[in-house]
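# The following comprises the amino acid sequence and a computationally predicted model.
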Amino acid sequence: MPAASCASAVSAAGGLGLIGGGYGDARWIDEQWALVGDNRVGVGVITWASSMAVVHHVVAKRPAAVWLSFGDPAEAIWAIHAAGCVSICQVSSLEEAQTAVRAGANVLVAQGSDAGGHGPNDVALPALVSSISRVLPNVPLVAAGGLNDRFDYERMRSLECRGGCAGHGVLLTTEALDVPAAKQQLIASTADDTIRSTVYDIVRGPEWPSPYSGRSVQTDVTRRWRNDVDEAPTLARFGAG
């Protein structure tokens, strides 16, 4: 199932679906964008891993919005606005939120430490949302990380969030781009089964910059290497990366 199908389905249901730009693969973005058709979707960009050439390539398609994560957003925001697009910045601290707003971000996404995927292991979502909404009350704020049900969503709304971001909840849908076995593993797992570490990034590449780590379901690989990451084997070392 193409990633574009999932993004289109989310937008058709009333949300804003996004195509993941990954590590700045322009060909992948082109392939997925061609499948979008007339559906209104955005594109997500990992800021530290994507060149400005990729950002310009994305905004030339006139997406509904460009979502920036993990890195200084200033130069990319300038290019996004110059193309007439909306900029969304994912932040994990009040300082990052203030930096994004100074750079001109239209929307902030507060990602708490309870989120899946990548991020710093710092502030839980309720505390992060509270601090940002108190200091930056006029900036649209969306909550991300650990929103499991309507109760969680309504709690974030009570803290002045304009909406919520569903990541792994959408990953489990039929439209999402992943193999059925991986989805079933997520369904069968609980928070206690997960671990935050840098092991998988080191093993499969690319290695992420500090302070980012990734949350994943624990496996023999993470158990073996989590405390000895400098010695962890890599795919490239065995000619597979």
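Great, that's in hand. Numbers count the residues shown, from 1 in each chain.
# Could you pull up phi and psi at residue 210?
phi -70, psi 140 (degrees, to the nearest 10).
# Could you count how many residues lie near residue 21?
25 (other Cβ atoms under 10 Å). C-betas here are computed from N, CA, C, even on glycine.
# which one is it nearest to, not counting chain neighbours?
residue 45 (4.6 Å; Cβ to Cβ, 6 or more residues apart in numbering).
# Alpha carbons of whatever helix or strand that neighbour lives in, as PDB, please.
Following DSSP states H and E, one finds residue 45 within strand 42-46. Output of strand 42-46 as PDB, limited to C-alpha atoms (Å, rounded to 0.1, in the frame of the first residue of the first chain):
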ATOM      1  CA  GLY A  42       1.200  17.700   3.300                       C
ATOM      2  CA  VAL A  43       4.800  16.500   3.300                       C
ATOM      3  CA  GLY A  44       7.000  15.800   6.300                       C
ATOM      4  CA  VAL A  45      10.700  16.600   6.200                       C
ATOM      5  CA  ILE A  46      13.500  15.500   8.700                       C
END
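# next helix or strand past that strand?
helix 52-59.
# Now that following helix - C-alpha only, PDB.
Provided in PDB are the C-alpha atoms of helix 52-59 (Å, rounded to 0.1, in the frame of the first residue of the first chain):
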ATOM      1  CA  MET A  52      17.600  22.800   1.100                       C
ATOM      2  CA  ALA A  53      17.400  21.400  -2.500                       C
ATOM      3  CA  VAL A  54      15.000  18.800  -1.200                       C
ATOM      4  CA  VAL A  55      12.900  21.500   0.700                       C
ATOM      5  CA  HIS A  56      12.700  23.500  -2.600                       C
ATOM      6  CA  HIS A  57      11.800  20.300  -4.400                       C
ATOM      7  CA  VAL A  58       8.900  19.700  -1.900                       C
ATOM      8  CA  VAL A  59       7.500  23.200  -1.900                       C
END
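# got the angle for it vs strand 42-46?
170 degrees (axes from the mean of the first three to the mean of the last three Cα atoms, to 10 degrees).
# just checking, residue 72 touches residue 52?
No - counting by Cβ atoms under 8 Å, residue 72 stays clear of residue 52, with 11.8 Å between them.
# Flag the helix or strand of this protein with the lowest per-element mean pLDDT.
helix 168-171 (a mean of 75; mean pLDDT, DSSP states H and E).
# From the chain's centroid, how far away is that helix?
12 Å (Cα atoms, centre = their mean, to the nearest Å).
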